[in-house]
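Q: Return atomic coordinates for the entry below.
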Amino acid sequence: QVQLVESGGGSVQAGGSLRLSCAAAARNRYDVGWFRQAPGKEREFVAVISWNDYLISYDDSVKGRFTISRDNAKNTVYLQMNSLGPEDTAVYYCAAGALRYYTANYYREESHYTYWGQGTQVTVSS
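A: Alright, predicted model coming up:
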């Protein structure tokens, strides 16, 4: 069992930055994905990082603006978000699991992740 706790959300103006953290209560050697859910929309994939950094991938909507990284010594995965826009407003969730395949149609699917955090709100005003 891996408990995940997200933090770092908040309210910022367009063009601003936030860094989200996903802390595991215990040793986390899982692949970790970030997903987000905007009001009235389905949850969507944002980024993923494998347990050994072999795989790092982003959705096209955040590529070049967001950076995912991890510090295994701290059992924490980060999502650095720059150049934020109102379209990034959502609840952000981190999820962990042992991905069977490192293919886009696999790691983008939320059902392939076993553990989920409670989410952290990010609000970007124009």
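
Q: how close does residue 6 get to residue 64?
A: 23 Å (C-beta to C-beta, to the nearest Å). In short, each C-beta sits where N, CA and C put it, glycine included.

Q: more crowded one of those two?
A: Each of residue 6 and residue 64 has its neighbours counted (other C-beta atoms under 10 Å); residue 6 has more, 22 against 9.

Q: Can you give me the pLDDT of that one?
A: Residue 6 is assigned 96 on the pLDDT scale.

Q: Who are the contact partners of it?
A: By C-beta atoms under 8 Å, 6 or more residues apart in numbering, residue 6 lies in contact with 20, 21, 22, 23, 92, 93, 94, 117, 118, 119, 120.

Q: In a strand, it, correct?
A: Yes: assessed by DSSP: H, G, I helix; E, B strand; the rest coil, residue 6 belongs to a strand.

Q: element containing the residue nearest to the spatial centre of the chain?
A: For the chain, residue 34 is the residue whose C-alpha lies nearest the centre (C-alpha atoms, centre = their mean; 2.0 Å). Per DSSP states H and E, residue 34 falls inside strand 31-37.

Q: from the chain's centre, how far out does whatever helix or strand comes next after that strand sit?
A: Going down the chain from strand 31-37, the next helix or strand is strand 44-49, by DSSP H and E. Centre-to-centre, strand 44-49 and its host chain are 6 Å apart (C-alpha atoms, centre = their mean, to the nearest Å).
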